[in-house]
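[1] Any chance you could fold what I've pasted below:
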Amino acid sequence: MQGIVHDPLLAIVEYMARHYRRTISTLEICAGLPLQNGVLDMSLFGRAAYRAGLNANQLGTPVNMLPDAALPCVLLADQQAWVVLRREQEQLVVWQPGLGEHVVAQGKLNHATVWMLTPLPYVDDRAPSYDNQAHWLRRGLARSVPIYRDALLASLMINLLAIVLPLFTMNVYDRVVPNQAFYTLWVLVGGVVFALAFDFALRHVRSALIDFAAKKTDIYLSSRVMESVLGCRLTSRPASVGAFIKQVGEYESLRDFLASMTLTTLVDLPFSVLFLAVIAWLAGPLALIPFFLILLLLGYSLWLQPKLKQEIKSSSQQNQQRQAQLAETVAALESIKLSGAESMLQWRWEQATAALGSASVRTRMLMNQLGQMNMLVQQLNTVLTVIGGVYLIAAGDLSMGGLIAASMLGGRALAPGMQLAGLFGKWENAREAHITLSNLLSLPQEQQSSASQRLQPSVLHGALSLRTVSFAYPQMPQPIINELSLSISAGERIAIIGRIGAGKSTLLRMLAGLYQPDKGQVLVDGIHSEQLSLSFLRRNMGMVLQDQSLLYGTIRDNIALGCPDLDDDSLLRAAERAGVMNFVRDDPQGLHKAVGEGGAWLSGGQRQAVTLARALVREPKILLLDEPTSAMDNRSEQWVKDMLLSLPGKPTIVINTHKMSMLDIVDRVIVLEAGKIVIDGSKDAVLQRLSEGPVVRMAG
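    From the prediction side, this is the model:
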């Protein structure tokens, strides 16, 4: 149907994907992208196209200059988008979201930006594969190659202008002073002032270019890091949240290295040869002094490298350890106070701080040695140049002005080497950060295969089944789920009960796709879950976790999480069903009431109601509920039970519970013990079996 299109850029990407026979849904294109108001903007157009299997390139050529062979192309302007299909004389046949195919005068679209969307090359399993993650940093830097090229040109001019001041000084001492040539002096001053002004402008331009390139690289790399964090499999996360946060924070070290004067130093380094050549031209053998001092400085820096590398690695490990302890302490602060464990935690913190402080002191001592060596080399250059210059002046091979110029140029030749030596410490920090981030970016992702290869049926019925599934947490030899098989029909309501640690929550997480089994298969509507679009599954599946978590913001924000275009009717319907309206109806702030970090400003039962509303907001075909009423009072629990029994569409409901009262709404009960099903049958039959001789003890 034609009319107003909510997201024209997304419609264009979808159209071009279909044109090139790339099968992908808009859900897969947008999954994980930082959308504003739920729609694509120009900054995300290229990333969205890449997800659809297309390569997007912006051209600087207007559409009237494009040859017919370049069509189809995409035109973007003022939040409008067109696909140019073909040219007919002075008119363009275009496809436009909401309007379909029609004809537009070519002159009306000459102002639009031209994008070429071409299919990415298809490579099947016969071709050798390589790890794209290994080139993540190189790919980020490659985006700024034209900017770095301009910065290199500016550096060339800056270093050429650096010769002007020593030559000016030499001419003043050798020609102006002996001859009292004041007119010549002011001519030289005019030239030098012009050169210095030009040098000042070039330095400003170079700094701006490098900062802009660093920002561009920073945006790309930080996006890659966050995509990897959000997309990683939960079983691949580091065991410590604090250490995980510190690993992500390692990006700051790498960013600072790229954004500092690192690139300027590397660009200036080759020009040391130019300065040495000018010294050799002016003062002959005096050029050997800064040359050997540069070698001495670099040799000393390389000698310190192994020690510096070891200490920086030790500091990084100690810092991660302390960060992990801090995160754990803050998260468990109430338990620590109630247990009177402040003394023990304080002792651990001081021990970790002392270890980190010792490693940091050793690192700073090594860095100070480098700084002191830089100063010594600079002083030696001045002293040795003056000594050598005196003998050359006595031999008539050098003038006083030439000696001063050689001394100035020697300092200039040493500067890049001294800066490079100072960068060795930053390099080790950046290198350690690069290793950490490479490991982070190589974490297994939830969607390993191409999104276009995932199935997205038009209807999800809600049948679930497990076939001889086993699962163990990393670094835990004993499986939590052991050779378990289970079949759940669409629309069925079942309860899973069992002892603490029987594997109930893990089983629900596997059904939701949060965990992948080590062995066996998880099927949804008879299809292996790995074949189905993950975004499609999440859209049709609602889950309430036992350890419910809310994000900082309002109740409305948390209910609508992941649904930026949610209308008020759907929001209110979900809030009413989950019982949220029961405690916000009389509140002046209503659904705009703040929840605090992690939902700290709400009670446990209120948090459960909000997370239940979040699970219901899309009216899913599958509901997975892990202790959904454990923190609720009897009245609130009865409200939830009545609601679940009256849900439209008869969704499949799987409930983990220790409350016998929650069994009122189910028809089937499964008893889990040590990761295996020990009883499975109708509610009445299972309760009868438990009353005869309990296989497990029910709590509560």
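
[2] switch to C-alpha atoms for all contacts and neighbour counts from now on
    OK.

[3] domain ranges for this protein?
    8-129, 134-441, 461-692 (automatic domain parsing).

[4] Dump the ones you listed to TSV, plus mean pLDDT, distance to L455 and mean neighbour count.
    Listed next are these as TSV, based on pLDDT from 0 to 100; distance: least, Cα to Cα, whole Å; neighbours: other Cα atoms under 10 Å:
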stretch	mean pLDDT	distance to L455	mean neighbour count
domain 8-129	80	9	16
domain 134-441	81	19	17
domain 461-692	89	5	19
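
[5] Distance to R454 added to those domains, as CSV?
    Listed next are these as CSV, based on distance: least, Cα to Cα, whole Å:
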stretch, distance to R454
domain 8-129, 8
domain 134-441, 16
domain 461-692, 5
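
[6] For the closest residue to L403 other than its chain neighbours, list the residues it contacts.
    Computed as Cα to Cα, 6 or more residues apart in numbering, the closest residue to L403 that is not its neighbour in sequence is G389, at 5.7 Å. Contact analysis of G389 by Cα atoms under 8 Å, 6 or more residues apart in numbering lists 283, 286, 398, 403.

[7] Just want to check the distance between G389 and Q379.
    Separation of G389 from Q379 (Cα to Cα, to the nearest Å): 15 Å.

[8] Kindly report the same for Q318.
    38 Å.

[9] Which residue lies nearest the spatial centre of the chain?
    M226 (2.0 Å; Cα atoms, centre = their mean).

[10] ok, now how distant is that residue from V686?
    Counting by Cα to Cα - M226 and V686 are separated by 47 Å.

[11] what's the answer for L298, then?
    On the measure of Cα to Cα, L298 and V686 end up 78 Å apart.

[12] L75 too?
    From L75 to V686 the distance is 65 Å (Cα to Cα).

[13] same check, this time on E637
    Distance from E637 to V686, by Cα to Cα: 23 Å.

[14] what's I481 sitting at in phi/psi?
    As for I481, its main-chain torsions (degrees, to the nearest 10) stand at phi -110, psi 130.

[15] what's the closest residue to E90 other than its chain neighbours in contact with, if anything?
    Nearest non-adjacent residue to E90, counting by Cα to Cα, 6+ apart: Q106, 5.7 Å away. Neighbour list for Q106: 63-64, 90-92 [criterion: Cα under 8 Å, 6+ apart].

[16] Q106 and R87, how far apart?
    9 Å.

[17] do the same with P67
    P67 is 9 Å from R87, by Cα to Cα.

[18] Could you name the residue of the chain that is farthest from its center?
    N179 (66.9 Å).

[19] any idea how far that residue lies from V192?
    In terms of Cα to Cα, N179 sits 20 Å off from V192.

[20] Please apply the same query to L296.
    33 Å.

[21] Now do stretch 176-184: distance to the chain's middle.
    63 Å (Cα atoms, centre = their mean, to the nearest Å).

[22] Give me the distance between the two termini of stretch 673-687.
    Start-to-end, stretch 673-687 (Cα to Cα) is 16 Å.

[23] now that stretch: how far from the chain's centre is it?
    44 Å.

[24] now do stretch 485-499
    37 Å.

[25] what does stretch 170-182 give?
    61 Å.

[26] And stretch 311-320, by the same measure?
    23 Å.

[27] Stretch 334-342 now?
    On Cα atoms, centre = their mean, the centre of stretch 334-342 falls 35 Å from that of its chain.

[28] Which residues does it contact?
    T329.

[29] Tell me how far the residue nearest to L403 lies from V377.
    18 Å.

[30] and what of F257?
    F257 is 25 Å from V377, by Cα to Cα.

[31] quick revisit: A helix includes the residue nearest to the centre of the chain, no?
    Yes: when DSSP: H, G, I helix; E, B strand; the rest coil is applied, M226 is found to be in a helix.

[32] quick one, helices of the stretch 1-150 of the chain?
    8-19, 26-30, 45-51, 136-142, 145-161 (DSSP state H, counting those that start in this stretch).

[33] Looking at the ones you listed, which is nearest to L484?
    helix 26-30 (31.0 Å; Cα to Cα).

[34] Packing partners of the strand or helix carrying P290?
    Under the criterion of DSSP states H and E, P290 resides in helix 288-331. Applying 3 or more Cα pairs under 8 Å, 6 or more residues apart in numbering; DSSP states H and E, we find helix 288-331 packed against helix 241-249, helix 342-394, helix 400-441.

[35] between these, which gets nearest to V459?
    Per Cα to Cα, nearest to V459 of the helices and strands packed on helix 288-331: helix 400-441, 34.4 Å.

[36] Please name every helix or strand in contact with that closest one.
    Against helix 400-441 (3+ Cα pairs under 8 Å, 6+ apart) you get helix 164-171, helix 182-231, helix 241-249, helix 251-259, helix 262-268, helix 271-283, helix 288-331, helix 342-394.

[37] The same query, at a cut-off of 7 Å, please.
    Judged by 3 or more Cα pairs under 7 Å, 6 or more residues apart in numbering; DSSP states H and E, helix 400-441 is in contact with helix 164-171, helix 251-259, helix 262-268, helix 271-283, helix 288-331, helix 342-394.

[38] now those helices as TSV including distance to L690?
    TSV is the format used below for the helices and strands packed on helix 400-441 (distance: least, Cα to Cα, whole Å):
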stretch	distance to L690
helix 164-171	95
helix 251-259	55
helix 262-268	71
helix 271-283	85
helix 288-331	38
helix 342-394	44
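
[39] D642 is nearest to which of those?
    helix 288-331 (35.0 Å).

[40] now the closest one against helix 400-441, angle please.
    Here helix 288-331 points in a direction 30 degrees away from that of helix 400-441 (axes from the mean of the first three to the mean of the last three Cα atoms, to 10 degrees).

[41] Please compute how far helix 288-331 lies from its chain's middle.
    The answer for helix 288-331 is 25 Å, by Cα atoms, centre = their mean.

[42] Which SSE is immediately downstream of it?
    That would be, after helix 288-331 and using DSSP H and E, helix 333-339.

[43] export that following helix as CSV, just CAs?
    What follows is helix 333-339, C-alpha atoms only, in CSV (Å, rounded to 0.1, in the frame of the first residue of the first chain):
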residue,chain,number,x,y,z
LEU,A,333,27.1,-3.5,49.4
GLU,A,334,24.0,-4.4,51.4
SER,A,335,25.1,-8.0,52.0
ILE,A,336,28.6,-6.8,53.0
LYS,A,337,27.1,-4.4,55.6
LEU,A,338,24.7,-7.0,57.0
SER,A,339,27.5,-9.5,57.2
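
[44] From G542, how far off is R585?
    Counting by Cα to Cα - R585 and G542 are separated by 24 Å.

[45] My error: substitute T554 in the last question.
    Taking Cα to Cα, one finds T554 at 20 Å from G542.

[46] and what of P628?
    On the measure of Cα to Cα, P628 and G542 end up 12 Å apart.

[47] again, but for K337
    36 Å.

[48] Give the closest residue to A56 in space, chain neighbours not counted.
    L117 (4.7 Å).

[49] okay but that neighbour is in contact with G53, surely?
    No: the criterion here is Cα atoms under 7 Å, and L117 misses it with G53 at 9.6 Å.

[50] is it fair to say V469 lies in a helix?
    No: looking at V469 with three-state DSSP, it is strand, so not inside a helix.

[51] Can you name the residues bridging to it?
    Beta bridges link V469 to L484 when assigned by DSSP bridges.

[52] Residue numbering should commence at 46 henceforth.
    Happy to do that; since the first residue is 46 now, the last one works out to V514.

[53] separation between it and A93?
    Relative to A93, and taking Cα to Cα, V514 is found at 35 Å.

[54] what does H506 give?
    Relative to A93, and taking Cα to Cα, H506 is found at 30 Å.
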